[in-house]
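Asker: attaching a predicted model along with its sequence, questions to come.
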Amino acid sequence: MNKIVVGITGASGSIYAKRLVEELLKKNIYTHIICTDTGKKVMKYETGIDLEQWVAELSKQYSQLRLEDINNLFAGIASGSNKFDAVVILPCSMGTLAEISNGLAKNLLCRVADVALKENRRLVIVPRETPFNAIHLENMLKLSRLGVTILPAMPGFYHMPETMEDLIDFVVGKILDNLSIENILFKKWGN
Ligand SMILES: Cc1cc2nc3c(=O)[nH]c(=O)nc-3n(C[C@H](O)[C@H](O)[C@H](O)COP(=O)(O)O)c2cc1C
């Protein structure tokens, strides 16, 4: 994996995205972040983190990080000719899930997901809602049948987590595993 797009939406759990981005950067992977307007607000509310400030801080250490403007459909990654390897949307709101599963591409995040689908690239969606209604489930099934990985923010407890970080690392480790990116974020069963 050389270049990954990380989408953040207004579902609960942007803390997962923060952790994933940090890991991708440590592995020298080019990382483009696209965050919805509600995603920024929920991130600030839940974690106290201002997205722009956080990215600015990280950019001092990592040159391969870019924050995209969700309204900029002229961005490089909006085109299939731009060779990103995978898109991970976490947390993914039911709203963004519905847009993607219905082929709507009205903002950069949905467009990039649409590009991933048409170019047969990896698309990992980390939905966060509970309970799910039939519309949510149908939208996930539709995407799953197109080869999308539906990887819910659903940490296991068999690795004996002791802290919130352990739970976050479990979900992020599962995402990295799914992308075949080596990690030791959680203890693998049987190891
Ligand atoms: C604090 C907070 C938490 C939310 N959590 C969720 C959630 O877990 N899942 C979800 O689908 N929507 C959640 N929402 C609602 C979404 O933010 C809302 O549907 C929004 O329109 C999603 O837009 P986006 O996909 O463009 O970010 C939450 C809203 C707030 C204010």
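Answerer: Nice, thanks for sending it over. Residues are numbered from 1 along each chain as shown.
Asker: surely Ala113 and Arg121 touch.
Answerer: No: counting by CB atoms under 8 Å, Ala113 does not reach Arg121; the two are 9.8 Å apart. From N, CA and C alone the C-beta is placed, and that goes for glycine too.
Asker: between the two, who's got more neighbours?
Answerer: Ala113 (29 against 18; other CB atoms under 10 Å).
Asker: and the more buried one, how far from Leu179?
Answerer: Separation of Ala113 from Leu179 (CB to CB, to the nearest Å): 15 Å.
Asker: any idea of the mean pLDDT in the host helix or strand of Tyr16?
Answerer: Taking DSSP states H and E as the criterion, Tyr16 maps to helix 14-26. For helix 14-26, mean pLDDT rounds to 98.
Asker: which helices and strands sit right next to it?
Answerer: Where contact means 3 or more CB pairs under 8 Å, 6 or more residues apart in numbering; DSSP states H and E, helix 14-26 is packed against strand 3-8, strand 30-35, helix 37-47, helix 51-61, strand 86-92, helix 164-178.
Asker: okay, the angle between the helix or strand just after the fifth one and helix 37-47?
Answerer: Sequence-wise, the next helix or strand downstream of strand 86-92 (DSSP H and E) is helix 94-101. Using axes from the mean of the first three to the mean of the last three CA atoms, to 10 degrees, the inter-axis angle of helix 94-101 relative to helix 37-47 is 140 degrees.
Asker: for the helix or strand following helix 94-101, output the C-alpha coordinates as CSV.
Answerer: Next helix or strand after helix 94-101 toward the C-terminus (DSSP H and E): helix 108-118. The C-alpha trace of helix 108-118 is given here as CSV (Å, rounded to 0.1, in the frame of the first residue of the first chain):
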residue,chain,number,x,y,z
LEU,A,108,-15.1,14.4,-2.6
LEU,A,109,-15.5,11.6,-0.1
CYS,A,110,-18.4,9.9,-1.9
ARG,A,111,-16.7,10.6,-5.2
VAL,A,112,-13.5,8.9,-4.1
ALA,A,113,-15.5,5.9,-2.8
ASP,A,114,-17.3,5.8,-6.2
VAL,A,115,-13.9,5.9,-8.0
ALA,A,116,-12.7,3.0,-5.8
LEU,A,117,-15.8,1.0,-6.8
LYS,A,118,-15.5,1.7,-10.5
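Asker: do helix 108-118 and the ligand meet?
Answerer: No: Helix 108-118 does not reach the ligand (CB under 6 Å from any ligand atom); its nearest approach is 7.8 Å.
Asker: please enumerate residues in contact with stretch 38-58?
Answerer: Stretch 38-58 has contacts (CB atoms under 8 Å, 6 or more residues apart in numbering) with 8-15, 18, 21-22, 25, 33, 35, 65, 67, 93.
Asker: kindly recompute the last result at 10 Å.
Answerer: For stretch 38-58, contacts defined as CB atoms under 10 Å, 6 or more residues apart in numbering pick out 7-15, 17-18, 21-22, 25, 31, 33, 35-36, 62, 65-67, 70, 89, 91-93, 95-96, 109.
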